[in-house]
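In: predicted coordinates and the sequence they were generated for:
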Amino acid sequence: MGRYIIRRLLWVIVLLIIVSIVTFLIFYLLPSADPAALRAGRSPNQQLIAAIRHSLGLDKPLYVQYWRYMKGVILHFDFGYSYEYSQPVRAMIVQRLPATISLTVGAVIIWLATGLPTGIISAIRSRTLLDRTTMGGSLLAISAPVYWLGLVALYLFANDIGKVHIFDGANTYTGLTSNPGRWFGSLLLPWLVLAASFSAFYARLLRSNLIDTMSEDYIRTARAKGLPERRVIGRHAMRSAITPIVTVLGLDIGTLMGGAILVETVFNIPGVGRLAYDGIQNADLPIIQGTVLFGAFFIVIANLIVDIAYAYLDPRVRYS
Amino acid sequence: MRPFRLTLTLIVAIVCAFAIAACGSSNKSSSSSGSSSSGGTSSSGGTSSTGSSGLSLAGLANTKPASNETTGGTLHVISAEGWEHLDPGASYFQIDYLVVYATQTPLYEFTPTSPTKPVPLLAAGPPTISADAKTVTVHIKHGFRFSPPVNREVTSKDVAYAFERMFNSNVQNGYASGYYPIVGAPTSATSDKPISGITTPDKYTVVFHLTKPFGGTFYQALTLPGTAAMPAGYADSFDKSSPSKLDSDPTKQAFTGPYMIQSYQAGRQLVLVRNPNWSRSVDGVRPAYADKIIWSAGNDPTVAARQTLASTNLLMADGPPNNVLKSAYFHNKSQLSIAPLGMYYAALNTTVPPFNNINLRKAAIAAQDRQAYLLARGGKLVGSVATHFIYPEVAGFQESGGFSGFGQDYVSNPAGSMTVACKYMKLAGYPNCKYTGGYGQYGSVLIVGSNSDPGPQEMQIVQNGLQKLGFKTTIKAVPQQTMYSKFCGYVKARVNVCPTAGWIEDFPDPYGALFVPFSGEAIVPVNNSNWADLNDPKVNKAIDSAAAITNESQRLQAFAQADKQIVDDAAAIPEVWANNPLVEGTKVKGVLDPSNDDWDLTFSSPMGTS
């Protein structure tokens, strides 16, 4: 297991380098804006553009720019300065990471707490009214774009612009350390909105897996041995049915850590996703590169954790 | 099957309920966008008037300063956009100016009470301009002090350093080379050395020696934020790093305005508190009612606009989306104000076929339904159909014929006229009124515009007009920044039509409205803003001559002539004189800064009026 983890970690580094190269090339190959020209303002003299290009290192060959960037990242964990904001990208990401982590962790807890029981109940009460209602509801939740759902939730339930004043609305995010109560209140609605479609998807996925698993021979054997149904489902069926869920969960967590752009935008949560969006809008390569690398890092790490978790969840999987 | 049908019915009912809830509040009002003739809404002032567009302005918020505004409280500002550069030397963006004009003190400023004539701010009075308009002398006020940690009086040397650092590439100023033709100013933009053309004969006097007769316009440009004094012995250490640390960490600045930046999170939040060294009596202009200003940026525009309308104490710094705007006009009119904001036009490239032929350009303009541009942008609340290029908030608008313009037949009908278009097609040598000639490098008329709303509609509108005259067209929609950087602002690209470009003047002076977008002297290979590539010696000379005049009324008349020449050249399709609609909470007293087309934080009061 130890060698497997080390091997995977080395692959993480290779993968991140590939991701950084691809991001770099995409930025320069596509007709995006010239950062020096953007920075220089309207109708600047060419000396100013040249000077800015020089100060940003954009006058160097592409490979030199890339090398300098990667050297900064690897040796100093330095992601450079934002072209747009003149701020160190590392500080901007670190400043926004707690909000993204808060949003992701809370939403994950909610969607697991609602999606898994719903999936189990639907599977064991398959083809009943309860099953059809929950699956119909889940289809609705999956179909509702999160941006639309966020706006509707705000217009219905936000303290300021809602019809029924229940939750703190947009623009109220408070850090966990500065006021835990307000932190919880400000994130409750975003958590519910973000978790809605994930919860529905997980419920449907688990239901489908569980129904398949329940028809396996070993389940019939377990029942024939006289094991209680709760134990058959909990100890035998679930361990097998939940494996694909864990895979998807790993990817989803990794992706959300890279930024839940739409939810962060609607609720004005100062997270990494919104930063990435702003970076793309402003042709701000250091921000794009930094947020992409962060997102990729979380995705591959989450995948690694998932793979390790497999060994514990599924007795058939062993890394030796 | 019955349970399934029941569930389905339930689902449909829930979907309908959600849909109705989502749409109900904003769509009660019908569109106010009509299709009448040109005319413009003007900045409100609580007057019970009707705009020249026919749109009723009665009941809009009173956004003029009031003598009974209350001091104290916290002013909350909200916006979708974040700030770019809060260093006064680098700042070059509308919402950055809101902050910089509250935290720093330029030599002069256009204020809510004097929107077209500069008011001395750090300066003690109007400048003395020599007869040849090449020497400008400014005396500064006694008693202006820098905030902690500098804690000393502002002197003329600090003003000189402010100019020097604008030419320092670490500060990266975007306008100094255009507006400050000072003798000895570095052209390489890499130096922060003293500029020989700036002298400081005493502690309170600065003299600028210019390379050309430009005094009248130089005076207007002294309102830009880069003229705010910076203490050399303090700021130069920050200016050595690239970018200057005064921009990357603006809390480090030495402030001379009523407020200091207490905390700053780029693109997210900004907190301003009172500057203990600022004195209202020394300043004499800015009342600075609020004790504290908290600004949250990065909001969804629809949510932010609705929050503002539902609030008592919010000011929204950028315009609400059209759906909220229309709703506000009908349901929250007293919280809505409309400020003029630059103009949009479709530049026709004058250097490549087919629009290197002036008659084809006139025909193209005549064939356009310019009302459609206004409708695409949101209707009369967001502007009026334009007829020329000095727009309503800029001095010289009336001299240019006001809303009617100069009367050229190809711009006189906002709905377009195929008869007039045909007349110019015939003059261009196409008797059937259909273009059969050649094209440039693209094999058709290349139309490049922004891919964000309303860019695609505007490209479609210009295409429709051109196709009526037989032009083959190709549309290319790209991100806004790319449009400027790689196509319309990149001279070698030779784009035929750029219909989604807009211009806001740097200061409300006709030079700021005309020089960069239409003078051949302003053409630069990259980031060019003369999108029509217009290099007409008559226009160049008219603008330069007008800029050299120091007599105000003669100057405006001269700029009107330059404006007329540009319309005569048919360099662009005048689309829309734009407005910047703004919304505010029910109790807050928002005051508009007409020169920046946005709120003035130092004149606005969170507590309203007494």
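Out: Received it, and whenever you're ready, just let me know what you need.

In: now whichever residue of the stretch 51-200 of chain A sits closest to chain B: phi and psi?
Out: For the stretch 51-200 of chain A, the residue positioned closest to chain B under Cβ to the nearest Cβ is residue A:51, at a distance of 3.5 Å. The way it works is simple: take the backbone N, C-alpha and C, and place the C-beta from them, glycine included. Phi and psi for residue A:51, reported as degrees, to the nearest 10, are phi -70, psi -40.

In: quick check: the gap between it and residue A:36.
Out: 9 Å (Cβ to Cβ, to the nearest Å).

In: please name the nearest non-neighbouring residue to residue 163.
Out: Let's take chain A. residue A:156 (5.5 Å; Cβ to Cβ, 6 or more residues apart in numbering or on different chains).

In: ah, I was thinking of chain B
Out: residue B:198 (5.8 Å).

In: burial count for that neighbour?
Out: Residues near residue B:198, counting by other Cβ atoms under 10 Å in any protein chain shown, number 23.

In: residues touching it, list them.
Out: Residues in contact with residue B:198 (Cβ atoms under 8 Å, 6 or more residues apart in numbering or on different chains) are B:160, B:163, B:164, B:182, B:184, B:206, B:207, B:208, B:209.

In: so which of the residues you listed sit within strands?
Out: B:206, B:207, B:208, B:209 (DSSP state E).

In: for the third one, list the residues it contacts.
Out: With Cβ under 8 Å, 6+ apart as the criterion, the residues that contact residue B:208 are B:135, B:136, B:137, B:138, B:180, B:182, B:197, B:198, B:218.

In: pull out the buried members of these.
Out: When the contacts of residue B:208 are checked for burial by 16 or more other Cβ atoms under 10 Å in any protein chain shown, the buried set is B:135, B:136, B:138, B:180, B:182, B:197, B:198, B:218.

In: what about residue A:19, distance to residue A:75?
Out: Relative to residue A:75, and taking Cβ to Cβ, residue A:19 is found at 19 Å.

In: more neighbours, those two?
Out: For residue A:19 versus residue A:75, the count of surrounding residues by other Cβ under 10 Å is larger for residue A:19: 18 against 8.

In: could you check how far residue B:195 is from residue B:411?
Out: 43 Å.

In: among these two, which residue is more densely surrounded?
Out: Using other Cβ under 10 Å as the criterion, residue B:195 and residue B:411 rank with residue B:411 on top: 27 against 22.

In: quickly find the element holding the more buried one.
Out: helix B:409-412 (DSSP states H and E).

In: can you put the contacts of residue B:198 in JSON lines and add pLDDT and distance to residue B:452?
Out: Compiled in JSON lines, the contacts of residue B:198 are given as follows (pLDDT from 0 to 100; distance: Cβ to Cβ, whole Å):
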{"residue": "B:160", "pLDDT": "96", "distance to residue B:452": "42"}
{"residue": "B:163", "pLDDT": "95", "distance to residue B:452": "37"}
{"residue": "B:164", "pLDDT": "93", "distance to residue B:452": "39"}
{"residue": "B:182", "pLDDT": "95", "distance to residue B:452": "39"}
{"residue": "B:184", "pLDDT": "92", "distance to residue B:452": "43"}
{"residue": "B:206", "pLDDT": "98", "distance to residue B:452": "43"}
{"residue": "B:207", "pLDDT": "98", "distance to residue B:452": "47"}
{"residue": "B:208", "pLDDT": "98", "distance to residue B:452": "41"}
{"residue": "B:209", "pLDDT": "98", "distance to residue B:452": "45"}
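
In: just the buried ones from those?
Out: B:160, B:163, B:164, B:182, B:206, B:207, B:208, B:209.

In: closest one of those to chain A?
Out: residue B:182 (13.9 Å).

In: so how far is chain A from the spatially closest residue to that closest one that is not a sequence neighbour?
Out: Leaving aside its chain neighbours, residue B:182 sits nearest to residue B:197 (4.1 Å; criterion: Cβ to Cβ, 6+ apart). Per Cβ to the nearest Cβ, to the nearest Å, residue B:197 is found 17 Å from chain A.

In: which bits of the stretch 101-250 of chain A sit near chain B?
Out: A:128-129, A:132-133, A:136-137, A:139-140, A:144, A:148, A:151-152, A:154-156, A:160-161, A:163, A:169-171 (Cβ under 8 Å from any Cβ of the partner chain).

In: distance to residue A:281 added to the buried ones among the contacts of residue B:198, as a markdown table?
Out: As requested, these are exported to a markdown table (distance: Cβ to Cβ, whole Å):
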| residue | distance to residue A:281 |
| --- | --- |
| B:160 | 38 |
| B:163 | 33 |
| B:164 | 33 |
| B:182 | 36 |
| B:206 | 40 |
| B:207 | 43 |
| B:208 | 38 |
| B:209 | 42 |
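
In: in chain B, what residue is nearest chain A?
Out: Closest point on chain B to chain A, by Cβ to the nearest Cβ, is residue B:174, at 1.9 Å.

In: okay, and the beta partners of residue B:271?
Out: residue B:263, residue B:294 (DSSP bridges).

In: what's the pLDDT at the most centrally placed residue in chain B?
Out: Nearest residue to the geometric centre of chain B (Cα atoms, centre = their mean): residue B:504, 3.1 Å. Residue B:504 carries a pLDDT value of 88.

In: lowest-scoring secondary structure element of the chain by mean pLDDT?
Out: All of this refers to chain A. Least confident helix or strand, chain A: helix A:35-40 with a mean of 75, by mean pLDDT, DSSP states H and E.

In: buried set for that one?
Out: Buried-residue list, helix A:35-40, by 16+ other Cβ under 10 Å: A:35, A:36, A:37, A:38, A:39, A:40.
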